[in-house]
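Undergrad: All I have is the shape, not the residue letters:
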């Protein structure tokens, strides 16, 4: 099963920048999406706050979700 990490953020969001730095330090590959530029996708996935990380399968189904910068929750998501 192929999995992908989607990171929803917004320009000027400090917690989003902190999460980006954390993910980059961990060497995590992810797809960056801006909730304003990718509004339709944000609505489709029910994004209500940023930053939000989604772990999705090859069909786009959500396997796990982390809202906000929470290192322990992010590490759990990455271990899936």
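TA: Right, received. Where do you want to start? This one's a predicted model, so the numbers in the text were calculated from it and none came from an experiment. Numbering: from 1, shown residues only.
Undergrad: give the contact list for residue 45.
TA: Residues in contact with residue 45 (Cβ atoms under 8 Å, 6 or more residues apart in numbering) are 6, 8, 54, 62. Quick note: C-beta positions are derived from backbone N, CA and C, even for glycine.
Undergrad: Assign a three-state SS to the second one, would you?
TA: Just to be clear, that refers to residue 8. strand (DSSP: H, G, I helix; E, B strand; the rest coil).
Undergrad: now it, nearest residue through space, not along the chain?
TA: residue 52 (4.4 Å; Cβ to Cβ, 6 or more residues apart in numbering).
Undergrad: need the longest helix for the protein.
TA: helix 14-26 (DSSP state H).
Undergrad: How far away from the center of its chain is it?
TA: 11 Å (Cα atoms, centre = their mean, to the nearest Å).
Undergrad: Show me what it packs onto, helices and strands only.
TA: strand 3-9, helix 71-79 (3 or more Cβ pairs under 8 Å, 6 or more residues apart in numbering; DSSP states H and E).
Undergrad: Please identify which of the ones you listed is closest to residue 46.
TA: strand 3-9 (10.4 Å; Cβ to Cβ).
Undergrad: give the contact list for residue 62.
TA: 45, 54, 55, 56 are the contacts of residue 62 under Cβ under 8 Å, 6+ apart.
Undergrad: for residue 18, same thing?
TA: With Cβ under 8 Å, 6+ apart, residue 18 has these contacts: residue 69.
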